[in-house]
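Mind folding the following:
(one chain, ligands or ions: 1)
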Amino acid sequence: MQQPDSVSRHLPQYPESLWRVSTELPSFPPLTEDIEVDAAIVGAGIAGITTAYLLSRQGCKVALLEAGSILNGTTGHTTAKISAQHGLLYDELLNHFGEEKTQMYHQANREAMAFIQKTVNDLNIDCDLKPESAYLYMETEDELQKLQKEFDAYIKLGIPGQWRDKLPIPLHVSGAIEMPDQAQFHPLHYLKPLVNEIIKAGGRIFEHTTITTLEKEGPFTLTTYRGKHKVRCSHVVSASHFPFYDGGGLYFTRLHAERSYVVAFQPEIAFAGGTYLSADEPKRSLRTASWNGQELVLAGGENHKTGQSLCTHNHYEELESFGAKLFGIRNIPFRWSAQDLVTLDKVPYIGQITSGDEGIYVATGFNKWGMTQGTLSGMILSDQILGKDNAYTPLYTPSRFKADPSVKTFVVQNADVAKHFVAGKVGLTHRSAEDLKPDEGAVITHDGKRAGGYKDAQGNLYLVDTTCTHLGCECEWNEAERTWDCPCHGSRFNYEGSVIEGPATEPLEKLDRDA
Ligand code: FES
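Residues are numbered from 1 along each chain as shown. The predicted model follows:
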């Protein structure tokens, strides 16, 4: 097939997610009093909302507490594929966990998919839920063997799948695995009705409410930023992306943060259906979505560890070129990025936060597959809180520890963290605040020390200390999003230093412009 070769050079100036723009969400007040509930759920993304929805339906008194606005974290910026095909994974899980647990992983994700479908039917939700085949493909011959091994794992585990030599879209591949009966949807159109159900069932939702401490009294007391208000409860769920409470679980050594990017464009040729994910580099993901009666193609990928990319804008340009080469681009209404957390063994941590912390639960590390694994978190955690058995508890328990290969990854991840901690502290840049152009940010030297500077379009200068307030690593400038990103555990701050995403809860220190 002849390839369109036109490349639009009209990336939107500012990142905005299609899901966020096309959904009118309710807003909720911050917590302004002390309250008492059965379960306090921290974090209002898909995991927190599903947990609150399931618990409130069972008569449990819940409070959902969100540091920012609901559905404005990873859930608001996902590609929203609903799938049990999670890249090259099943062969690795087979080697690490064995057949029974790997089958369980597949089954768990299938159940989460079925839960979404049932909820859409039960609540009559209009969220563009559409069945699609998912394709995992390789473009190069070099590593095709890895894809073949993955397919062997499908056969061994009885996972439905077909080997393909060609894709329905105009992309030449060396091989692909088709997993039928997967799906895609509009994640916020799905979750908004669940939010309404929580409220109808008497649940309470608070936005702009950052929880900073958890004390084990009463049996639990959560305290908001700077100790203003308290939430007393019998159960606590940390669904805050990076856990807001560590409990001695050392989560900052067991998770790393990755950023990825999405460009949503109107193609010149029709998209043949299906969702796609590359198994080799560079990472690429494709699906469609509708917007204002048009079909858009969502091209995603360009993954990298947070804070470890020199030029974040290039990632959007690479995706734009990829989309243009395959389908041609008429226009690009949206571009956005997301942050995901990845665990040591690629299986999320869902369950009691540590073996000794009864009543405190966590859901994190969805390894980029938050639609199924966030849903699954709600299913598992609500069962655990309600005292029901859940077959997936042992697989997902955060207390699991496998010496191999986690130990190796553990060391590598820590070495990586240490490098950024130290590297950030040495060496000064030759650039100063005067060198910044309008709408530009960079690490600069200010008053003889390293500092972060951003000059807005009007020429106003914002200076911050780039030392992350979590554990002291040095933040790097993210020029595409105009944020300061920490490479160690993924905290993000806006150009004025306010926290966008934890684990940090304190803002970056503002520096005096006249110093
Ligand atoms: Fe942990 Fe920055 S997020 S040091």
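
neighbours around residue 251, how many?
Using other C-beta atoms under 10 Å, the number of residues around residue 251 comes to 24. In this view, the C-beta of every residue, glycine as well, is placed from N, C-alpha and C.

now it: how far from the ligand?
Taking C-beta to the nearest ligand atom, to the nearest Å as the criterion, residue 251 is separated from the ligand by 10 Å.

Same question for residue 60.
Using C-beta to the nearest ligand atom, which is the criterion applied here, residue 60 is 32 Å from the ligand.

do residue 492 as well
Separation of residue 492 from the ligand (C-beta to the nearest ligand atom): 9 Å.

For that residue, give the beta-bridge partners.
Under the criterion DSSP bridges, residue 492 forms beta bridges with residue 485, residue 501.

Hmm, it is touching residue 312, no?
No: under the criterion of C-beta atoms under 8 Å, residue 492 lies out of contact with residue 312, with a separation of 11.9 Å.

Can you work out which residues contact both of the two?
Overlap of the contact sets of residue 492 and residue 312 (by C-beta atoms under 8 Å, 6 or more residues apart in numbering) consists of 478, 481.

all helices of the stretch 1-150 of the chain, in order?
18-21, 46-57, 90-97, 99-122, 144-157 (DSSP state H, counting those that start in this stretch).

next one: the shortest one to chain centre, how far?
Put simply, helix 18-21 sits 16 Å off its chain's centre (C-alpha atoms, centre = their mean, to the nearest Å).

quick revisit: looking at the helices of the stretch 1-150 of the chain, which is buried most?
The densest packing among these, expressed as mean neighbour count by mean count of other C-beta atoms under 10 Å, is seen in helix 46-57 with a mean of 28.

Quick check: mean pLDDT of it?
Per-residue pLDDT values over helix 46-57 give a mean of 98.

cool, stretch 79-90 as well?
The average of the pLDDT scores along stretch 79-90 is 97.

For that stretch, measure first residue to last.
21 Å (C-alpha to C-alpha, to the nearest Å).

do stretch 276-284 as well
Distance between the two ends of stretch 276-284: 8 Å, counting by C-alpha to C-alpha.

which parts of it are buried?
By neighbour count, with 16 or more other C-beta atoms under 10 Å as the criterion, the buried positions of stretch 276-284 are 276, 277, 278, 279, 280, 283, 284.

tell me the pLDDT at the last one?
The one in question is residue 284. According to the per-residue confidence, residue 284 scores 97 in pLDDT.

could we number from 7 for the rest of this?
With the count now opening at 7, the last piece we talked about shows up as residue 290.

List the beta-bridge partners for it.
Applying DSSP bridges to residue 290 gives these bridge partners: residue 307.

if I look at it, how far off is residue 510?
Note on residue 290: its distance to residue 510, by C-beta to C-beta, to the nearest Å, is 31 Å.

Quick check: phi and psi at the closest residue to the ligand within the stretch 207-356 of the chain.
The minimum distance from the stretch 207-356 of the chain to the ligand, using C-beta to the nearest ligand atom, falls at residue 258 (5.9 Å). Backbone geometry at residue 258, expressed as degrees, to the nearest 10, gives phi -70, psi -10.

tell me the contacts of it?
Residues 248, 252, 476, 477, 494, 495, 509 are the ones in contact with residue 258 under the rule C-beta under 8 Å, 6+ apart.

Drop anything exposed from those.
With neighbours counted using 16+ other C-beta under 10 Å, the contacts of residue 258 contain these buried positions: 248, 252, 476, 494, 495, 509.

List just the nearest of the residues you listed to residue 356.
Within the set of those, residue 248 lies nearest residue 356; the separation is 14.6 Å, counting by C-beta to C-beta.

what's the helix or strand for that closest one?
Assessed by DSSP states H and E, residue 248 sits outside every helix and strand.

With adjacent residues omitted, what lies nearest to it?
Of all residues not flanking residue 248 in the chain, residue 509 sits nearest, at 4.3 Å (C-beta to C-beta, 6 or more residues apart in numbering).

Surely the one you found touches residue 476?
Yes: if you go by C-beta under 8 Å, residue 509 and residue 476 touch, sitting 5.0 Å apart.

Are there residues contacting both of the two? Which ones?
258, 495, 497.

Turn those residues into CSV, including pLDDT.
Shown next, in CSV, are those (pLDDT from 0 to 100):
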residue, pLDDT
258, 86
495, 84
497, 89
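
so which pair among the contacts of residue 258 is furthest apart in space?
Largest separation among these by C-beta to C-beta: 252 and 494, giving 14.1 Å.

Looking at strand pairing, list the partners for the residue nearest to residue 41 when sequence neighbours are not counted.
Excluding the flanking residues, the one nearest residue 41 by C-beta to C-beta, 6+ apart is residue 237, at 5.5 Å. With DSSP bridges applied, the residues forming beta bridges to residue 237 are residue 41, residue 228.

any idea how far residue 102 is from residue 237?
Residue 237 sits 38 Å away from residue 102, taking C-beta to C-beta as the criterion.

could you point out which element follows the worst-scoring helix or strand of the chain on mean pLDDT?
For the chain, using mean pLDDT, DSSP states H and E, the weakest element among its helices and strands is helix 412-429, scoring a mean of 49. Past helix 412-429, further along toward the C-terminus, the next helix or strand under DSSP H and E is strand 446-452.

so what strands line up beside that following strand?
Each strand pairing with strand 446-452, determined using DSSP bridges, is listed with its direction: strand 455-461 (antiparallel).
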